[in-house]
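1. what would the 3D arrangement of this be:
(one chain, ligands or ions: 1)
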Amino acid sequence: MDEAVELPSGYGPYLPISTEDADSFNDAFSDELDSSFSSSIACCDNCYADFRAHWPDVTFRRDGTELMSMETHWAVDESRLSGAWSPAEYSSLRRLVQCPRCLTFDSANIYLFEHRFSDARDMEDDIDALITIGSVTPFLLLEHSFAQRVLAEVRAEGARAKVEALTQPLYRARLADDVAHLRQPPDDPATYGPAPASATSEGRFNHAGVPMLYLADAGAVAAAELGAVGQACLVGTLRIMAPLKIFDLIRADGESVDSDLFDALANSALLGAPRTGDGWIKRQYVFSRYVADCARSAGFHAIRYGSTKTQAGVNYVILDPPNDLMSLVRLEGYACTICPAPAHRY
Ligand SMILES: [Zn+2]
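-> Next up, the predicted model:
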């Protein structure tokens, strides 16, 4: 009995269940999920918040397509497991579905997702370590083996990647009040350029005082990225005149990239965390700025990455925009619009 798993109270009839029985039931259930959904339990109600904190892009961009939630008992009863045990055994065992992530039993809901790499729990430890290093001793990031691997892989990708011409225009939004306050003409391309160095605070990819040009693949995405819900903004349509070598963290169609490391990186809290608060050092941006340093050193001109405001939005950042913006972009037009609310994050 010492080894028996304790059933949640209030259920019956049930039999004493050994840990071994519960394990073999969970193994069989896991096989059923794999054959029905090509996926496994990624988290449960008990650990969903922690899963989301580590993989914000999974719960935001891939929810509903690759991340599926379902009632645990429904999932068990829909599987073909009931025939393999006696009714009394089955009614006991069906309450003993165990979350492989946090090891709790009988969560009301389970969440299915399949990372493309096999060591997700190890990577969660790396994420925690890197966020701590990034906020305490950011210059020592390069001592961490995961950071070293990222630099090596980005450099290898830099040697492989080819320059590409962007056939679609990109968009940049400015708050209408800011443009009016600075007396900038809405039809001047410079209005949609990066802020001057003296007014550049640190961003997702740029260090303080180092302006980069942040662009989006649609006007609505650019407007949402301002994060000023309900305020009027101007959205410039910009044609990129030069081919760029782009470090791709998400493909232009919004699909994930081919490299498992970059896919994991893009989905993790190291790159995909939504901005919270306005501290001088934005803790969640330290590793993304490290990645931008890697990309610049590897010869990339830009990074393509997923929006944290709209689920299908794709953003671009030009890492080293020229002082003479006209040598890189042409303003094709502009529109006045209202900044939309960001998509809800679960
Ligand atoms: Zn769990």
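
2. three-state assignment of the residue of the stretch 151-300 of the chain found nearest the ion?
-> The ion sits closest to Ala269 of the stretch 151-300 of the chain, with a gap of 17.5 Å, by Cβ to the ion. All C-beta spots, glycine's among them, are computed from the backbone N, C-alpha and C. With DSSP: H, G, I helix; E, B strand; the rest coil as the basis, the three-state label of Ala269 is coil.

3. what's the local residue count around it?
-> Neighbours of Ala269 under the rule other Cβ atoms under 10 Å: 20.

4. identify the residues contacting it.
-> Ala269 is in contact with Ala53, His54, Trp55, Pro56, Ile127, Ile131, Gln284, counting by Cβ atoms under 8 Å, 6 or more residues apart in numbering.

5. distance of it from Asp293?
-> 19 Å (Cβ to Cβ, to the nearest Å).

6. you'd agree Asp34 is in a helix?
-> Yes - applying three-state DSSP, one finds Asp34 inside a helix.

7. ok, it - contacts?
-> Contacts of Asp34 by Cβ under 8 Å, 6+ apart are Ser40.

8. again, only using 10 Å
-> Contact analysis of Asp34 by Cβ atoms under 10 Å, 6 or more residues apart in numbering lists Ser40, Leu112, Glu114.

9. Asn206 now?
-> Contacts for Asn206 (Cβ under 10 Å, 6+ apart) come out as Pro194, Ala195, Thr200, Met212, Leu213, Tyr214, Tyr285, Ser288, Arg289, Ala292, Val317, Leu319.

10. what count of nearby residues applies to the last one?
-> Spelled out, that is Leu319. 21.

11. neighbours of the nearest residue to it once chain neighbours are set aside, how many?
-> What sits nearest to Leu319 in space, not counting adjacent residues and going by Cβ to Cβ, 6 or more residues apart in numbering, is Arg296, at 5.2 Å. Neighbours of Arg296 under the rule other Cβ under 10 Å: 19.

12. distance check, Arg296 against Asn323.
-> The gap separating Arg296 from Asn323 is 17 Å, by Cβ to Cβ.

13. same thing with Asn46?
-> To Asn323, Asn46 is 53 Å away according to Cβ to Cβ.

14. higher neighbour count, the two?
-> Set Asn46 next to Asn323 and count neighbours by other Cβ under 10 Å: Asn46 wins out with 17 against 7.

15. would you say Phe117 is within a helix?
-> No - read with three-state DSSP, Phe117 is coil and lies in no helix.

16. can you name the residues that contact it?
-> Listed by Cβ under 10 Å, 6+ apart, the contact set of Phe117 reads Met123, Ser259, Asp260, Leu261, Asp263, Ala264.

17. out of the residues you listed, which are buried?
-> The neighbour-count criterion (16 or more other Cβ atoms under 10 Å) marks Met123, Ser259, Leu261, Asp263, Ala264 among those as buried.

18. in helices, which of those appear?
-> Met123, Leu261, Asp263, Ala264 (DSSP state H).

19. about what we covered before: could the buried ones among the contacts of Phe117 go into a markdown table alongside pLDDT?
-> Formatted as a markdown table, the buried ones among the contacts of Phe117 follow (pLDDT from 0 to 100):
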| residue | pLDDT |
| --- | --- |
| Met123 | 90 |
| Ser259 | 85 |
| Leu261 | 90 |
| Asp263 | 89 |
| Ala264 | 90 |
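
20. which two among the residues you listed are spaced furthest apart?
-> Met123 and Ser259 (14.0 Å; Cβ to Cβ).

21. helix or strand for the most centrally placed residue in the chain, which one?
-> Note on the chain: the residue nearest the mean C-alpha position is Asp57, at 2.4 Å, using Cα atoms, centre = their mean. Using DSSP states H and E, Asp57 sits in helix 56-61.

22. if you average the pLDDT over the helix or strand following that helix, what comes out?
-> Sequence-wise, the next helix or strand downstream of helix 56-61 (DSSP H and E) is strand 68-71. Taken as a whole, strand 68-71 carries a mean pLDDT of 95.

23. list the buried residues in the helix or strand just after strand 68-71.
-> Per DSSP H and E, the first helix or strand lying C-terminal to strand 68-71 is helix 72-78. Of all the residues in helix 72-78, those buried under the rule 16+ other Cβ under 10 Å are Thr72, Ala75, Val76.

24. cool, stretch 97-115 as well?
-> By 16+ other Cβ under 10 Å, the buried positions in stretch 97-115 come out as 97-99, 101, 105-107, 109-113, 115.

25. start and end of it, how far apart?
-> Using Cα to Cα, to the nearest Å, one end of stretch 97-115 lies 21 Å from the other.

26. do it and the ion meet?
-> Yes - residues of stretch 97-115 contacting the ion under Cβ under 5 Å from the ion: Cys99, Arg101, Cys102.

27. distance between that stretch and the chain's centre?
-> Offset of stretch 97-115 from its chain centre (Cα atoms, centre = their mean, to the nearest Å): 21 Å.

28. quick thing: my sequence starts at 162, can you match it?
-> Let's use 162 as the start, then, which means that last one is stretch 258-276.
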